[in-house]
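> After the sequence you'll find the predicted model.
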Amino acid sequence: MEMGARVDEVLRSGKAPGFHGLVVMRGGDVVLERYGAGVDHRLGDSLGHVEFGRDTLHDLRSVSKSVVGLLYGIALGQGLVPEPGAKLVGLFPEYEDLVGDPERAHLTVEHALTMTLGLEWDESAPYTSPANSEIAMELAPDRYRFVLERPVVEAAGERWHYCGGATAVIGGIIARGAGRPLEEYAAEVLFRPLGIEAFEWTKGGHGLVSAAAGLRLRPVDLAAIGQLVLDGGRDVVAGEWLQEMLRPRVRVRDGLDYGYQWYVGSGERDSVQGMGNGGQVLCVVPGAELVVAVNAGDYDGDASGSWAVLDAVLMG
């Protein structure tokens, strides 16, 4: 059975009830697109029932983090941000008490890039609840202080622990280095060079975009970002950064590691992935010259439908 027929069978069977969109690229060309319909949200705001098509923007949720990883590499190449080994808290000198805290002196930018900060953080509650650390961060008076002052619970660099606050801090470092809001910098150095004109980046409670979860793109443009990674960065991001960004650095679970804001899979078919709440997936499979972008609306669910769609694409 060919790829399109396999995907259609998954959709007909009801195995992906929250499905919103799919774009597959092979060898640099779009070879398959499918779109659905259903209730959707922009972060916490309901958009009602949406009929999705090629030009419909969709939340990327935590795939936004992987885009931020690319932006850090671009900014590093331009000399706007420090190397990953730089001391993290020292980049926020306005927090004198935190800068002078010996418990935090060893934290580096790399610890944020790899989500190994060793700070207290819990995103197990729904993303509508202040019990979720990311939501609490957006409700706090100062986003960056909220993250950096979290209690130290273990040594940094030893264990991966999911932390949207780490990405928020990275986004802040990029914006400070670039001297402009993160979304403006992204538009100039990443989106426009890829021909991406339509995008939104939802802002949090501080008037700053949610670096960890707020980016909205068309699925075809999300796939274009994946193709950039597959192509080695072209003239947009240095190939050396991509190699560093996608090098496995910490174990997430068996068969899955984490690099710099990207998941790195191993096994029968090696891949690198950005993944987001609700079934948002960007999967790059170098060995097959394949890029797969999936959007869905299974927010705070198990997102099994997106994985069923992805499996149908990758079976061939």
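Thanks, I have it. Predicted model, so just to flag it, every value in this text is computed and none were measured.
> OK, contacts around residue 215?
By Cβ atoms under 8 Å, 6 or more residues apart in numbering, the contact set of residue 215 is 59, 60, 63, 64, 67, 199, 200, 201, 202, 209. Placement of C-beta: from N, CA and C, glycine included.
> Give me the neighbour count for residue 243.
Applying other Cβ atoms under 10 Å, we find 12 residues neighbouring residue 243.
> so it sits in a helix?
Yes: counting by DSSP: H, G, I helix; E, B strand; the rest coil, residue 243 is part of a helix.
> Just say helix, strand or coil for residue 33.
Assigned by three-state DSSP, the conformation of residue 33 is strand.
> quick one: it and residue 191, what's the gap?
Separation of residue 33 from residue 191 (Cβ to Cβ, to the nearest Å) stands at 20 Å.
> neighbour-wise, which of these two wins?
residue 191 (22 against 16).
> Specify the local secondary structure of the more buried one.
Quick answer, by three-state DSSP: residue 191 is helix.
> Name the nearest residue to it, sequence neighbours excluded.
Spatial nearest neighbour of residue 191, chain neighbours left out: residue 199 (5.9 Å); criterion: Cβ to Cβ, 6 or more residues apart in numbering.
> just the helices in this protein please.
Ranges of helices within the chain are 3-12, 63-77, 96-99, 109-113, 133-139, 143-148, 164-178, 182-186, 219-230, 239-245, 304-314, based on DSSP state H.
> Can you list the residue ranges for strands in the stretch 151-300 of the chain?
200-201, 215-217, 250-253, 256-258, 263-265, 271-276, 280-285, 290-296 (DSSP state E, counting those that start in this stretch).
> Including mean pLDDT and distance to residue 27, could these go into JSON lines?
Formatted as JSON lines, the strands of the stretch 151-300 of the chain follow (pLDDT from 0 to 100; distance: least, Cβ to Cβ, whole Å):
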{"stretch": "strand 200-201", "mean pLDDT": "98", "distance to residue 27": "30"}
{"stretch": "strand 215-217", "mean pLDDT": "98", "distance to residue 27": "22"}
{"stretch": "strand 250-253", "mean pLDDT": "96", "distance to residue 27": "30"}
{"stretch": "strand 256-258", "mean pLDDT": "96", "distance to residue 27": "26"}
{"stretch": "strand 263-265", "mean pLDDT": "96", "distance to residue 27": "21"}
{"stretch": "strand 271-276", "mean pLDDT": "97", "distance to residue 27": "16"}
{"stretch": "strand 280-285", "mean pLDDT": "98", "distance to residue 27": "12"}
{"stretch": "strand 290-296", "mean pLDDT": "98", "distance to residue 27": "9"}
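> Would you mind finding the most buried of those strands?
strand 290-296 (a mean of 29; mean count of other Cβ atoms under 10 Å).
> pull the CA atoms of that one into CSV?
Extracted in CSV, the C-alpha atoms of strand 290-296 (Å, rounded to 0.1, in the frame of the first residue of the first chain):
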residue,chain,number,x,y,z
LEU,A,290,12.0,12.5,4.6
VAL,A,291,10.4,15.4,6.5
VAL,A,292,7.0,14.9,8.2
ALA,A,293,4.9,17.7,9.9
VAL,A,294,1.8,16.7,11.8
ASN,A,295,-0.7,18.9,13.6
ALA,A,296,-3.5,17.8,15.8
